[in-house]
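S.K.: Fold the following, please.
(chains A and B)
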Amino acid sequence: MREFIEGNDNQFSDLKRRLQDGLLHVYKNCELPACCSKRSCRIGFEMDNNAYVMLIDLGITCSKSKGGISLIQFKQLLSDGQFIFIDFNDLKVFLKSLGFLYK
Amino acid sequence: MEGTYEYMWIIIGSILLVALIKVIYQIYKNKVGERSTYRPVQTPTANSNRQISTGIREFGPVNYYANARHNQKDRWFQFMYREVNGEWLAYILRMPSLNGRDGDLHLTHRYKNENTYWICYDPQPRSLEGIQSVSRAWADRELEYISTGVPFEEQRW
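M.R.: The predicted structure is shown next:
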């Protein structure tokens, strides 16, 4: 996941462009933060009904307890296995906000 | 002797056929199986249904970060879109605290039924795309109202 959190504008633009095909794009062996119960996972993205969906393997938990709204959102992503955004930019903002998990 | 050779070729042929079937199966599994084991929609809970095919159509939960014109830290809204009698409604699952502002339903353009709130908009959109636009605009105005106290109708966007 670190790969996406540290992604630059060009990489996000490229991801957005790829998602226009309507297919699920899966990235394997994504590095999870140390607070997670697994070291790596699959992360997927797809466009569905004009919304951008981020998917993650189910069964991952996070032991971190302090992190405000971003941590609440991250834990929701882990428990639901998906997080949907109306705007692609919000997906980017969300991923960027998770940088604290690696500090 | 000839019978032994024939028997050997049958065995080799069988092995090659099994190997070929296995290769084809692995290719198929990598392409299709991965997706089918990946999706969480097979385990529906109150918050994890993206779309249900049982007559009720819903989509979500969907997240939106409202436009913050006053550097508000919390601008996270979460909706569940549901089609009811041909109209799409946006149920509010999460929104920033009103921070002491008047939570009057008319002022904040919301309907309420027990602990469930949804966006008040007339006419209610008849498409998912429409309710996405409405909820986005509503969230922007709601956040502005929380920050400034200016009602929706008097805001300039």
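S.K.: contacts, neighbours, all on C-alpha from now
M.R.: OK.
S.K.: Could you count how many residues lie near B:M80?
M.R.: Neighbour count of B:M80, defined by other CA atoms under 10 Å in any protein chain shown: 20.
S.K.: would it count as being in a strand?
M.R.: Yes. Assessed by DSSP: H, G, I helix; E, B strand; the rest coil, B:M80 belongs to a strand.
S.K.: Quick check, it in contact with B:V62.
M.R.: Yes. Assessed by CA atoms under 8 Å, B:M80 is found in contact with B:V62 at 6.2 Å.
S.K.: which residues do the two both contact?
M.R.: Here B:M80 and B:V62 share no contacting residue, scored by CA atoms under 8 Å, 6 or more residues apart in numbering or on different chains.
S.K.: In chain A, spot the helix with the most residues.
M.R.: Identified as the longest helix of chain A according to DSSP state H is helix A:68-80.
S.K.: pLDDT of that one, averaged?
M.R.: Averaged over helix A:68-80, pLDDT sits at 95.
S.K.: List the neighbouring strands of the helix or strand just after that helix plus their orientation.
M.R.: The helix or strand immediately downstream of helix A:68-80 is strand A:82-85, counting by DSSP states H and E. Paired neighbours of strand A:82-85 in the sheet (DSSP bridges): strand A:51-56 (antiparallel), strand B:57-65 (parallel).
S.K.: after strand A:82-85 comes which helix or strand?
M.R.: helix A:88-97.
S.K.: list the helices and strands that following helix packs on?
M.R.: helix A:2-5, strand A:51-56 (3 or more CA pairs under 8 Å, 6 or more residues apart in numbering or on different chains; DSSP states H and E).
S.K.: quick one: contacts of that helix?
M.R.: Contact partners of helix A:88-97, identified using CA under 8 Å, 6+ apart, comprise A:4-6, A:12, A:16, A:51-52, A:70, A:85, B:64-65.
S.K.: Could you dump those into TSV with neighbour count and distance to A:L78 added?
M.R.: Formatted as TSV, the contacts of helix A:88-97 follow (neighbours: other CA atoms under 10 Å in any protein chain shown; distance: CA to CA, whole Å):
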residue	neighbour count	distance to A:L78
A:F4	18	16
A:I5	18	16
A:E6	13	19
A:F12	16	22
A:K16	17	22
A:A51	20	19
A:Y52	23	17
A:S70	19	12
A:F85	24	15
B:Y64	24	18
B:Y65	23	19
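S.K.: out of those residues, who's nearest B:L93?
M.R.: B:Y64 (11.4 Å; CA to CA).
S.K.: Identify the residue nearest that closest one in space, chain neighbours excluded?
M.R.: Spatial nearest neighbour of B:Y64, chain neighbours left out: B:F77 (5.2 Å); criterion: CA to CA, 6 or more residues apart in numbering or on different chains.
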